[in-house]
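>>> The sequence and its predicted three-dimensional model are supplied below.
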Amino acid sequence: MIRTILLLTPVYVALFWSIALTTNKKKEHTPQLVLSKFMFMSFVGLSSLYLFLTPVPTLYPYFDCALQFVIGLIFPIFYIYFRLLTVDKKLSFRTHGRYLIVPVLLASIYCVAVLLTPWEEFKTWLFVGNEFSNSPNIQFLSIIRDIIRIQFLIQLFLVIIGNQILIKKYGVKVEQFYSDMEEENYSNAKLMNYCMALISIITLLAFALWFELSLPINTLLYAFLSISSFMLYMIGYFGIKQKPINPTFDVTPIKEVMNPLEVIPADSRKKILNKMLVQFEEEKIYLNSQLNIMDIVQAVGTNRTYISSIINQLYNQNFCTFVNSYRIEELKRIYLENPDYINEVLADSCGFGSLNSLKRAIMVKTGMTLPEWKKHTMNSQK
C-alpha cells in the first residue's frame, strides 16, 4: 500500500501542475505554458515508471516508447523554459527546435526498432534483460537505449549549468533596465534549477547504489520518490509564481552599454545629464515604483545606450542602484519627518514597490538592516 502511494504521488503532483500551469488565469503566457509541457512530460515518464515497478507486464511495454521520448526531451524542454524566462521573447521552432532534434530522432529510431522486433521478444527483454541477447533486434534496441541514457546524463549537466549561466547573465541586464529588482525577482528561477538538479542527482545516486551496492530497491525507491515528489511540487510552485524576467526590448550588448563617454559629444552629454537630473531632482520620477530605463529615455528624449553610459561611468552605478539611491534619500527625509510611519507606508511613499525592495536597497547601499538604518539615521540627526 505504501509502495503504491509513493509511486503515484509524483504522478499526481506532475499532473496537478501540468493542469494548474495550463489553466492559470494569471499565467505569464509562453514560459508557463512550456513549463506545463515539462510537467506533462514528467507525468508521462512517472506513469511509465509506475507501470514498470508495479510491475504491469501487459501495460508497460506500450508505454516504453513514450518513456524514451520523455527521457530525451525532459531536459531540453526545461532549458527552453529558462530561455523564455531570460533571453528569448517567444517560442519558435526555428530557435528552439534544435534542442529537440537529436532526442526526437533517437527516440524515433528506438520506436521503429521496437516495431521491427517480435512483440514477445521485446516484452521479455524489457523485464528480464538478458533474454534473446543473440537477437539482432534486441542488440540494436540495447545500443539505442544506452545511447538515450548517455544523452540524458549529458543533457543533465549541460542544462543545469546552462540555466545557471542564463540567470547569472540576466542579473546584469535586469539591473540595467528596471529600477525595482524585487518586482522582477528571479530567485524563484534559481530555486527551480536547484530543485531540478537535486532530483537528477538523487535519481543517479539511487541507480548507482542499487546496481553497485545492491541495496534493497524499496529503501531506495521510498527515499527517491519522497524527495522527488517534494522537489517536483516545488518546481511547479516556484514556476507558477515566476514572472518572465526578460524585458521586452532588444538587449543592448554590454560592450555597447559601456562605451566610453567620449563617444557622446560633450554638449549632448551635458544636455542629457541636465535633463535627466531635472527628472530625478525636480520631477521626482523615481517615485514611480514601476520605473524602468525606457521611461527616462522618453522623458529625456535620447536613447538607452546614452542613459546607461552616463549612469555607469559618471556615477559608477547601474540603473537600479542609481534610482534607489534617490529613493533612499527620499526615505531618509520622510522617516525623519514622520518616524511613526509603518514600514509599508515608508516603502510606498518613496517609490519602492514593496517592503522587501526597500530592505534590499538599504542592505545594498549601506550594509545595514532596516531597523539598523533607522537607528543610525535618527542618531545622526541628534
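That came in fine, so what should we check first?
>>> What residues of the strand or helix carrying Ile148 count as buried?
Ile148 belongs to helix 136-175 when assigned by DSSP states H and E. Using 16 or more other C-beta atoms under 10 Å as the test for burial, helix 136-175 gives 137-138, 141, 144-145, 148, 151-152, 155-156, 159-160, 162-164, 166-167, 170, 173-175. All C-beta atoms are positioned from the backbone trio N, CA, C, and that covers glycine.
>>> next helix or strand past it?
Following helix 136-175 in sequence, per DSSP H and E, is helix 187-213.
>>> Tell me the buried residues in the helix or strand that that following helix is followed by?
Downstream of helix 187-213, the first helix or strand assigned by DSSP H and E is helix 217-241. Across helix 217-241, burial judged by 16+ other C-beta under 10 Å covers 220-221, 224-225, 227-240.
>>> And stretch 287-301, end to end?
End-to-end distance for stretch 287-301, by C-alpha to C-alpha, to the nearest Å: 20 Å.
>>> Now do the same for it: mean pLDDT, whole number.
Mean per-residue pLDDT for stretch 287-301: 90.
>>> Which residues outside that stretch are in contact with it?
Contacts of stretch 287-301 from elsewhere in the structure, counted by C-beta atoms under 8 Å, 6 or more residues apart in numbering, are 176-180, 183, 247, 249, 272, 275-276, 279, 283, 285, 303-304, 307-308, 319, 323, 327, 330, 348, 350-353, 357.
>>> can you pull the contacts of Ile167?
Going by C-beta under 8 Å, 6+ apart, Ile167 touches Phe82, Thr86, Tyr186, Ala189, Lys190, Asn193.
>>> Show me the shaky parts of the stretch 151-300 of the chain.
Within the stretch 151-300 of the chain, the stretches falling below the threshold (pLDDT under 70) are 171-174, 181-186, 206-221, 245-263.
>>> make it 90
Scanning the stretch 151-300 of the chain for pLDDT under 90 picks out 153, 164-191, 193-194, 196-229, 238-270, 289-290, 292-294.
>>> what separates the residue positioned nearest the centre of the chain from Phe78, distance-wise?
Nearest to the mean C-alpha position of the chain, by C-alpha atoms, centre = their mean, lies Ala189 at 3.1 Å. Look at Ala189 and Phe78: by C-beta to C-beta, to the nearest Å, they are 11 Å apart.
>>> Next: Thr86.
From Thr86 to Phe78 the distance is 13 Å (C-beta to C-beta).
>>> Check Phe157 too.
From Phe157 across to Phe78, the span is 13 Å (C-beta to C-beta).
>>> same deal with Ile71?
13 Å.
>>> what does Pro61 give?
Taken as C-beta to C-beta, the span from Pro61 to Phe78 is 27 Å.
>>> okay, the two: which has more neighbours?
Neighbours per residue (other C-beta atoms under 10 Å) separate Pro61 from Phe78, with Phe78 holding more: 24 against 19.
>>> Give the full set of residues in contact with that one.
Going by C-beta under 8 Å, 6+ apart, the list of residues near Phe78 reads Phe38, Val159, Asn163, Met196.
>>> Okay, and it sits in which element?
Short version: Phe78 belongs to helix 60-86, going by DSSP H and E.
>>> got the buried residues for that helix?
60-61, 63-86.
>>> Nearest spatial neighbour of Met276, chain-adjacent residues omitted?
Val300 (5.4 Å; C-beta to C-beta, 6 or more residues apart in numbering).
>>> That neighbour - how many residues pack around it?
20.
>>> just to revisit the earlier point, what residues do Ala189 and Phe78 have in common as contacts?
Counting by C-beta under 8 Å, 6+ apart, the shared contacts of Ala189 and Phe78 are Asn163.
>>> Tell me the confidence at Glu28?
Per-residue pLDDT puts Glu28 at 52.
>>> go on, the one 5 residues further on?
What the model reports for Leu33 is a pLDDT of 90.
>>> who touches the helix or strand harbouring it?
When elements are assigned from DSSP H and E, Leu33 belongs to helix 30-53. For helix 30-53, contacts defined as C-beta under 8 Å, 6+ apart pick out 7-8, 10-11, 14-15, 17-22, 24, 27, 59-60, 63-64, 66-67, 70-71, 73-74, 77-78, 80-81, 84-85, 90-91, 126, 221, 232, 236, 239-240, 242, 244.
>>> how about 6 Å then?
7, 10-11, 14-15, 17-18, 21-22, 59-60, 63, 66-67, 70, 74, 77-78, 80-81, 84-85, 91, 239, 244 (C-beta atoms under 6 Å, 6 or more residues apart in numbering).
>>> now the strand or helix carrying Glu120: how far from the chain's centre is it?
Glu120 belongs to helix 119-128 when assigned by DSSP H and E. For helix 119-128, the gap between its own C-alpha mean and the chain's C-alpha mean amounts to 40 Å (C-alpha atoms, centre = their mean, to the nearest Å).
>>> For it, name the packing helices and strands.
For helix 119-128, not one helix or strand is in contact under the criterion 3 or more C-beta pairs under 6 Å, 6 or more residues apart in numbering; DSSP states H and E.
>>> Recalculate using a threshold of 10 Å.
Packing contacts for helix 119-128, counted by 3 or more C-beta pairs under 10 Å, 6 or more residues apart in numbering; DSSP states H and E, involve helix 60-86, helix 98-116, helix 136-175.
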